[in-house]
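Student: need a 3D model of the following:
(one chain, ligands or ions: 2)
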Amino acid sequence: MSDTYQVQPVSGPLNGAVRPPGSKSITNRALIVAALAEGQTELTGVLDSRDTQVMIESLNRLGINVDHDPENCTVVVQGCGGQIPASEASLWLENSGTSIRFLTALCSVGQGEFQLDGNARMRQRPIQDLIDALAQLGVDVSCESGTGCPPVRVKARGLLGGETAIAGNVSSQYLSALLMVAPAALGPTTITIQGEMVSRPYLDITLGVMAQFGVTIDRVQNDVWRILPQTYQRPGAYDIEPDASAASYFFAAAAITGGSVTVDGLNQDALQGDINFIRVLEDMGCDIKRDRNSITVHGKPLKGIDVDMNEISDTAQTLAAVALFAEGPTCIRNVAHIRHKETDRLSAIATELKRMGIQVEETDDSVTIHPGEIQPAVIETYDDHRMAMSFALVGLKVPGIQIADPGCTAKTYPRFFDDLEWLCGQTS
Ligand SMILES: O=C(O)C1=C[C@@H](OP(=O)(O)O)[C@@H](O)[C@H](O)C1
Ligand SMILES: C=C(OP(=O)(O)O)C(=O)O
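Tutor: Ligands and ions are numbered 1, 2, ... in the order given. A predicted model of the protein is given here:
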């Protein structure tokens, strides 16, 4: 793909239907849990993107046989029944937060020495809280550079179980990682969440996937979980729903252009919390049609909104794009944790909106956007797929919007621009 992508404005409202690829969060959980399970599992609707490729490559390096058929979106995993075959491995996780956090926990179940690392940005993304929590469960694990960020070294002798605590204010992925491997510990594990927990709906995805593989967890108190040693049971086949964060771009395209866009394969009962982005659009004035196997957003005149996006923060950038076309300001609040993602997203949103001539106020944990005249601009994306996908939406209405490094969408959605063009083509 070339260095920049010139977005073509649409001549009128977008009307059409699209089905985004499989959920990244569910794919990477299902892979971990199927790897720990007894026997063979077939996953369908699997996402093929950099974040899932690095996960699959890593599982193969750990001696777990994962056979990936990207054409058909399927994966067949030969589960290891809780015994990691490899006794040493070096894993490369690029900038996939789910992969490095989940695999650090998975390696702790093994017997041997494992190293996990990623790209320059990954080396700035925190993991210390997870390291500390695993250490409390008897694992010899450390951040080699002393920064609290990768690279990580795990000297594993099996997970003993016991009591541990995990901070919740940086990333929910730590707790998800602990929950998924705890059934493979030698003894019972009790996990206490310390302080506030960000991105809570992702825990429901974790519990949902675990339940599909026959493992349940005792929630002793609101923030205390107890997990007994158990083996995951393969469900036979497991179908992964489309990615709800990816769907947000198409819902937003309807809102911005005043059209009607249907996303197939998702409904309001989706496992992914990001489905609730449609509620935000609804509060801004859109009409939403919720069907059994699809959701349609009908764009209407939009009003600005003040919204806590802690639970659905992967759609914060999508909302930043929509906000430009609303009447009155929009405040996206309680999202300090998005400073630790692919880039510092609060700063990136503010910088790129200002580049288009928009007035923005940024605080430690929020951004307030004042719609105004939008200037043509080349949008910097900071190797963040969500900057590319969300800011491209602005170009559907405003001429002269270019997206730098459009190939960065490969992290979760390699064919994003093809699908967006397909949707635009359905209108004309
Ligand atoms: O568990 C998951 O699948 C994810 C949790 C969220 O991260 P945090 O818990 O770090 O906010 C989210 O941003 C990420 O894209 C996927
Ligand atoms: C934050 C994200 O991913 P991860 O933390 O898994 O790298 C994301 O996909 O927006």
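
Student: spit out the contact partners of Leu134.
Tutor: 104-105, 108, 141, 154, 159, 164, 178 (C-beta atoms under 8 Å, 6 or more residues apart in numbering). Bear in mind the C-beta positions are built from the backbone N, C-alpha and C, glycine included.

Student: scan those and report the most crowded one.
Tutor: In terms of neighbours by other C-beta atoms under 10 Å, the contacts of Leu134 top out with Ser108 at 30 neighbours.

Student: where does that one land on pLDDT?
Tutor: Predicted confidence (pLDDT) for Ser108: 98.

Student: what is the burial count for Gly208?
Tutor: 13.

Student: look up how far Thr330 lies from it.
Tutor: Distance of Gly208 to Thr330, computed by C-beta to C-beta, to the nearest Å: 31 Å.

Student: hang on, isn't Lys24 packed against Arg50?
Tutor: No: counting by C-beta atoms under 8 Å, Lys24 stays clear of Arg50, with 9.9 Å between them.

Student: between the two, which one's more packed in?
Tutor: Lys24 (27 against 20).

Student: can you give me the strands for the stretch 51-200 of the chain?
Tutor: 66-69, 74-80, 88-92, 111-117, 140-143, 152-157, 162-167, 189-194 (DSSP state E, counting those that start in this stretch).

Student: elements contacting the last one?
Tutor: What it means is strand 189-194. When contacts are defined as 3 or more C-beta pairs under 8 Å, 6 or more residues apart in numbering; DSSP states H and E, strand 189-194 sits against strand 162-167, helix 173-181, strand 224-227.

Student: quickly compare the ones you listed and say which is most buried.
Tutor: helix 173-181 (a mean of 26; mean count of other C-beta atoms under 10 Å).

Student: run the chain-centre distance for that one.
Tutor: Distance of helix 173-181 from the chain centroid (C-alpha atoms, centre = their mean, to the nearest Å) equals 15 Å.

Student: which residues does it contact?
Tutor: Here helix 173-181 has contacts from 29, 32-33, 36, 97-98, 101-102, 104-106, 108-109, 127, 129-130, 133-134, 159, 164, 166-168, 189, 191, 193, 197, 199, 202-203, 205-207, 209-210, 217, 225, 227, using C-beta under 8 Å, 6+ apart.

Student: so Gln128 touches Gly146, yeah?
Tutor: No: applying C-beta under 8 Å as the test, Gln128 and Gly146 come out as separate, 9.8 Å apart.

Student: who has more neighbours, these two?
Tutor: More crowded of Gln128 and Gly146, by other C-beta under 10 Å: Gln128, with 17 against 8.

Student: ok, Val152 touching Pro126?
Tutor: No: here Val152 lies out of contact with Pro126, judged by C-beta under 8 Å, at a distance of 11.4 Å.

Student: out of those two, which sits in the busier spot?
Tutor: Shown here are Val152 and Pro126; by other C-beta under 10 Å, Val152 has more neighbours (27 against 19).

Student: for the more buried one, what are its contacts?
Tutor: 100, 104, 115-117, 127, 131, 141-144.

Student: can I get the buried ones among the residues you listed as something I can paste into ChimeraX?
Tutor: Buried residues among the contacts of Val152 (16 or more other C-beta atoms under 10 Å), as a ChimeraX selection:
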select :100,104,115,116,117,127,131,141,143
